[in-house]
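[1] Sequence first, then the predicted structure:
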Amino acid sequence: MQGAQVPLKGVREMKFVVEGSKALSGSIGVQGSKNSVLPILAATLLINGQSVIHNCPRLSDVDAAVKILNDFGCSVTREGDTLTVDASTVNNCHVSDYLAHRMRSSILFLGPAVARLGSAQFSFPGGCEIGLRPIDLHISSLKLLGAKIEEFCGMLSCKVDKGFKGNRIHLSFPSVGATENILLAAATADGTTVVSNAAREPEIIDLAAFLNSAGARIYGAGESTVVIVGTKKLHDVEHTVIPDRIVTATYLFSAAVTGGEIEITNTVPAHLDAVFPVLEETGCTVKRNKNRIYLKAPKRLSRVKTVRTLPYPGFPTDLQSPVTALLSVADGTSVVTENIFENRYKYISELLRLGANIRIEGRTAIIEGVEKLTGASVRATDLRGGYALIIGALAASGRTSISNIYHIDRGYESPEKVLSSLGANIKRIT
């Protein structure tokens, strides 16, 4: 089931207004990873004490996750980019329908909530409508660990008798969310859990690092086989979230599409090994060391023969829409194939309003690069597709107005401030 993404209650409708055709230049740091901090926040439920988490971005999805923790009875405070979660006061096993519908990642709270409380009730999760993202792998995996799960009227009721039990679990697809839920449920289970065909994303490694710092015993995170030796009790922990690799790449694309020159610090270039060849094929000069990336773009980008999204370490599905926007002004014909989600091209109709020449054939986008785009009024349809419109607007001549930007705020911390610091003319208006 899919839930439509909606803005937080009480949030006024905002827009981005962009005056394009300005080359970006300068140096920026990168926020903490959204896709790391959300499962880590869910993991705090396992700790009957305090978790101190640094490098937490200010995002609407993080706000929603904090409200879910509040629903469970946790106390959460923020100071700068640090969140402190006290889960010693957990006293509730039900998450409100509204918060569950806010984001897909609400399902990550199921495993740790049941591990901590013995039972939990959730609505089916929401999120961006980018195609079928069934939670059957989450459910089947938790059942293998001993959970009894009932589905009724859009609700999930999950419980275990005397805690989760370790087991062998083979995933038919290396689902990131299912892998994370298994780690969360099995960390305090009785016995050993072995996961084969596990997701290998850096965010999996970061979650395992958080749990291990709290006393868990997880081995092989980031590899296709992960072993979790159950630990009865986890202790207080302090952890720093990894930089956001998707945000890093989209700011590189933002500079490239404008013919710019930027440096990105506080990042992990090794997490983007599948992205650099694409940028280099467009004619960009890319240099990198341990935690820094430098990019200088040519006056006109060259086309890229083929980009295919794949599970990590392949090209990320979260970058499919931003790279399509980038290639919309490249010289020649580029082909992008989406192999993860079947409905992740909803933003294309909005790029066409800017003058892009793109046609969709099944899961493939055929992009005939145009010399320039032209400003127009467009609307974000999802998180990554929304940022793709910013990339298009940066390349376009004239003014572009982007509405529904609550989608973008789910994953990008004040993008208008970051881009403005690089010389972009972008404003957030009511």
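    Arrived safely, thanks for sending.

[2] in the stretch 201-350 of the chain, which spans are helices?
    202-213, 245-257, 276-281, 320-327, 348-353 (DSSP state H, counting those that start in this stretch).

[3] Could you list every helix and strand in contact with the longest one?
    Of the remaining helices and strands, those touching helix 245-257 by 3 or more C-beta pairs under 8 Å, 6 or more residues apart in numbering; DSSP states H and E are helix 34-43, strand 261-265, helix 276-281, strand 292-296, helix 320-327, helix 383-395. Using the backbone N, CA and C atoms, a C-beta is placed for each residue, glycine as well.

[4] Take these and lay them out in a markdown table including distance to I182.
    Compiled in a markdown table, the helices and strands packed on helix 245-257 are given as follows (distance: least, C-beta to C-beta, whole Å):
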| stretch | distance to I182 |
| --- | --- |
| helix 34-43 | 11 |
| strand 261-265 | 33 |
| helix 276-281 | 31 |
| strand 292-296 | 32 |
| helix 320-327 | 26 |
| helix 383-395 | 25 |
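
[5] Which one of the ones you listed lies nearest to S302?
    S302 sits nearest to helix 276-281 of all the helices and strands packed on helix 245-257, at 6.8 Å, using C-beta to C-beta.

[6] Please identify the buried residues of that closest one?
    When burial is assessed from 16 or more other C-beta atoms under 10 Å, helix 276-281 yields the following buried residues: F276, V278, L279, E281.

[7] Which elements pack onto it?
    Taking 3+ C-beta pairs under 8 Å, 6+ apart as the contact cut, helix 276-281 packs with helix 245-257, strand 285-288.

[8] what about dumping the CA coordinates of stretch 270-282 to CSV?
    C-alpha atoms of stretch 270-282 as CSV (Å, rounded to 0.1, in the frame of the first residue of the first chain):
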residue,chain,number,x,y,z
ALA,A,270,34.4,6.3,-1.8
HIS,A,271,30.6,6.2,-1.4
LEU,A,272,30.2,7.7,-4.9
ASP,A,273,32.5,5.5,-7.0
ALA,A,274,29.6,4.7,-9.4
VAL,A,275,28.9,8.4,-9.9
PHE,A,276,32.3,9.8,-10.8
PRO,A,277,32.6,7.9,-14.2
VAL,A,278,29.3,9.5,-15.2
LEU,A,279,30.5,13.0,-14.4
GLU,A,280,33.8,12.4,-16.1
GLU,A,281,31.9,11.2,-19.2
THR,A,282,30.1,14.5,-19.4
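
[9] What mean pLDDT does that stretch get?
    The average pLDDT for stretch 270-282 rounds to 98.

[10] what's the answer for stretch 301-314, then?
    pLDDT averaged over stretch 301-314 gives 98.

[11] Counting neighbours, what do you get for the closest residue to A216 other than its chain neighbours?
    Using C-beta to C-beta, 6 or more residues apart in numbering and skipping residues adjacent in sequence, the residue nearest A216 is A187, 4.4 Å away. Residues within reach of A187, counting by other C-beta atoms under 10 Å, total 28.

[12] Need the per-residue pLDDT for A187.
    98.

[13] give me every residue that touches the closest residue to F276 other than its chain neighbours.
    The shortest distance from F276 to any non-neighbouring residue, by C-beta to C-beta, 6+ apart, is to V286 (5.3 Å). V286 sits next to L252, F276, L279, E280, I293, Y294, L295 when contact means C-beta atoms under 8 Å, 6 or more residues apart in numbering.

[14] how about a cut-off of 7 Å?
    V286 is in contact with F276, L279, E280, I293, L295, counting by C-beta atoms under 7 Å, 6 or more residues apart in numbering.
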